[in-house]
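A.B. asks: I would like the atomic coordinates for the input below:
(one chain, ligands or ions: 2)
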Amino acid sequence: MNMTWRWYGEGNDNITLDHIRQIPGVMGIVWSLHDKVAGEVWEMERIQEVADQITSKGFSTAVVESVNVHDDIKIGLPSRDQYIDIYIDTIRKLAKVGVKVICYNFMPVFDWTRTELYKELPDGSNALFYEKAAITDDPRQMVDRILKGAGKFTMPGWEPERLARLDELFAAYADVTEDKLFDNLKYFLERIIPVCEESDIKMAIHPDDPAWPIFGLPRIVRSRETIRRILDAVSSPYNGLTFCTGSLGSNPENDLPAMIREFHDRIHFAHIRNVKVFENGDFIEVSHRGKDGSVDVPEIVRAYHENGYQGYVRPDHGRHLWGEEKNCRPGYGLYDRALGVMYLLGVWDSLSQGKGVK
Ligand code: CS2
Ligand code: MN
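C.D. replies: Ligands and ions are numbered 1, 2, ... in the order given. Next up, the predicted model:
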C-alpha cells in the first residue's frame, strides 16, 4: 500500500510538509485547492504552484481530495451541465501534474456530520463525536456548533457562505429522493468517466458519514448494496471508491473486511480509521488500534494485504492529543494520525514478513 497524508496547504494547515517528511513511510500528499468552492474554475497556475511545493519535498501529488461537486449537479438542475464542464476542465488540468485519483463525495448539503468536535475520551484526549439524540429537526443548531468549533480553520463541505443559505439549500433538495440522487450521480459519472479514462485519473467516491440519511436528506453511499449499485451503474474501473472505514463503520451492520474483499479492485483510496459505536448508536472516533474501537483495523489491513493492494491509503481523522486541539483543524491533528500511520504500516509489514510487499 502507498501511504499518504492529507495536507491542507501552505498557510492553511498548522502541519508543514517538513513535519510530514519525518513520519516514516509517507510517500504522497493528499491535497486540494481548499479555497475553491464547488463549481469554481481551478486555474492551472494555482494547481502547478501547490504541486511544485509538494514535489519539492519529495512527495507524490497523485491524490486530490476533494474536488467538490456543485449542489446543482446533485439536485439535477439544468445548470448542472455547465458545472460538469468545469469539473471536466479540472480533471484535465490535474492530469498534467500527475494526479491519479480524485476523492469526492455526493452527500447533499453537508460533508461528514458530528454533534461535538472535542468530546473527551477516558484517557484525557478528545475527538469528534456523534450523538444521535442531538440531531434534531433543525440543522441550524448543529451547523453553528460545528462552525464555532472549527474556529479559524476551514473545513471542506462546511463553507460558511454556503451554509448561510441553509434554508434555501434544503428547499432545493426537497424533491430529491434517494433514486433521484442516484440518477444524478449516474448522469455525472456518465459524463466525466470517459474524460477520466482519457486522462488516466480514477474517481473515488467517498461514503456518506454517518452511513444513514440525516435531516431527511437522502444518502446513497452507505452499504454494500448501495456501493455495488454505484459501481455497476458505470462499470469502468475509473468509477471507483474511497473506502472509508470510519464512515462505513458508523453502522455496525456493514461488514467492512467482507466489503474490501468484494470491492478491492475498485478501491483506489483507503481511508483507515477507527470508531467506537455505542449501543444507542452514538459513536466517537478513537485511536487506530483495533482494540480501542468497533472497527477491526488489523483485519481491514489483512483484507487489503491478501489482495495485494497497491492503492493509496491514509489515516483519516485522529483524536486531538497533548493539547493540540488549540491549534489544529478538528480531526486533523498531527499526533494521532502519525501514530495511525505507524500502526497501519506495522500491521502491513508484519503481514509481509520481511518479503518487502509494497
Ligand atoms: C474526509 C471527508 O474528513 C473526512 O472524513 O474523509 O470529509 C472527505 O474528504 C470528503 O467527504 C470527500 O469529498
Ligand atoms: Mn474518510
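
A.B. asks: just so I have it, where are all the strands in the stretch 251-358 of the chain?
C.D. replies: Secondary structure of the stretch 251-358 of the chain (DSSP state E, counting those that start in this stretch): strands at 267-272, 274-277, 283-286, 312-315.

A.B. asks: swap in the stretch 101-250 of the chain?
C.D. replies: Per DSSP E, counting those that start in this stretch, the stretch 101-250 of the chain carries strands over the ranges 101-105, 116-120, 126-130, 202-206, 239-244.

A.B. asks: which ones are touching Ser79?
C.D. replies: Neighbour list for Ser79: Asp72 [criterion: CB atoms under 8 Å, 6 or more residues apart in numbering]. Bear in mind the C-beta positions are built from the backbone N, C-alpha and C, glycine included.

A.B. asks: thinking again about what came up before, nearest to Ser60, out of the strands of the stretch 251-358 of the chain?
C.D. replies: Among those, strand 312-315 comes nearest to Ser60, with 8.9 Å by CB to CB.

A.B. asks: packing partners for that closest one?
C.D. replies: With contacts taken as 3 or more CB pairs under 8 Å, 6 or more residues apart in numbering; DSSP states H and E, strand 312-315 sits against strand 2-6, strand 28-31, strand 267-272, helix 335-352.

A.B. asks: got these as CSV, with distance to ligand 1 columns?
C.D. replies: Compiled in CSV, these are given as follows (distance: least, CB to the nearest ligand atom, whole Å):
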stretch, distance to ligand 1
strand 2-6, 8
strand 28-31, 9
strand 267-272, 5
helix 335-352, 11
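
A.B. asks: need these in a markdown table with mean neighbour count, can you?
C.D. replies: As requested, the helices and strands packed on strand 312-315 are arranged in a markdown table below (neighbours: other CB atoms under 10 Å):
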| stretch | mean neighbour count |
| --- | --- |
| strand 2-6 | 23 |
| strand 28-31 | 24 |
| strand 267-272 | 26 |
| helix 335-352 | 19 |
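
A.B. asks: Format these as JSON lines; extra columns: distance to ligand 2 and mean pLDDT.
C.D. replies: Below are these laid out as JSON lines (distance: least, CB to the ion, whole Å; pLDDT from 0 to 100):
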{"stretch": "strand 2-6", "distance to ligand 2": "9", "mean pLDDT": "98"}
{"stretch": "strand 28-31", "distance to ligand 2": "10", "mean pLDDT": "98"}
{"stretch": "strand 267-272", "distance to ligand 2": "4", "mean pLDDT": "98"}
{"stretch": "helix 335-352", "distance to ligand 2": "12", "mean pLDDT": "97"}
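
A.B. asks: Now distance to Asn68 too, for the ones you listed, in CSV please.
C.D. replies: Below are the helices and strands packed on strand 312-315 laid out as CSV (distance: least, CB to CB, whole Å):
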stretch, distance to Asn68
strand 2-6, 15
strand 28-31, 14
strand 267-272, 16
helix 335-352, 22
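
A.B. asks: what does the protein put close to ligand 1?
C.D. replies: Residues of the chain found near ligand 1 (CB under 6 Å from any ligand atom) are 65-66, 103-105, 111-112, 156-157, 206, 209, 244, 271, 316-317, 331.

A.B. asks: out of those, which is most surrounded?
C.D. replies: Within the residues of the chain next to ligand 1, most neighbours by other CB atoms under 10 Å means Asp209, with 29 neighbours.

A.B. asks: tell me the contacts of it?
C.D. replies: Asp209 makes contact with 107, 111-113, 244, 246-247, 250 under the criterion CB under 8 Å, 6+ apart.

A.B. asks: 6 Å instead, please
C.D. replies: Asp209 makes contact with 112, 247, according to CB atoms under 6 Å, 6 or more residues apart in numbering.

A.B. asks: and if you look at Lys74?
C.D. replies: 108, 184.

A.B. asks: The most centrally placed residue in the chain bridge partners, please.
C.D. replies: The residue lying closest to the centre of the chain (CA atoms, centre = their mean) is His206, at 5.4 Å. Counting by DSSP bridges, His206 is bridged to Asn105.

A.B. asks: That one and Ile75, how far apart?
C.D. replies: With distances taken as CB to CB, to the nearest Å, His206 is found 19 Å from Ile75.

A.B. asks: follow-up on the earlier one: of all the strands of the stretch 251-358 of the chain, which lies closest to Ala51?
C.D. replies: Closest approach to Ala51 among these (CB to CB): strand 312-315, 16.1 Å.

A.B. asks: mind exporting the closest one as CSV, just the C-alpha atoms?
C.D. replies: Extracted as CSV, the C-alpha positions of strand 312-315 are listed here (Å, rounded to 0.1, in the frame of the first residue of the first chain):
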residue,chain,number,x,y,z
TYR,A,312,-3.3,4.8,-1.8
VAL,A,313,-4.0,4.8,1.9
ARG,A,314,-4.2,7.4,4.6
PRO,A,315,-5.1,7.5,8.2
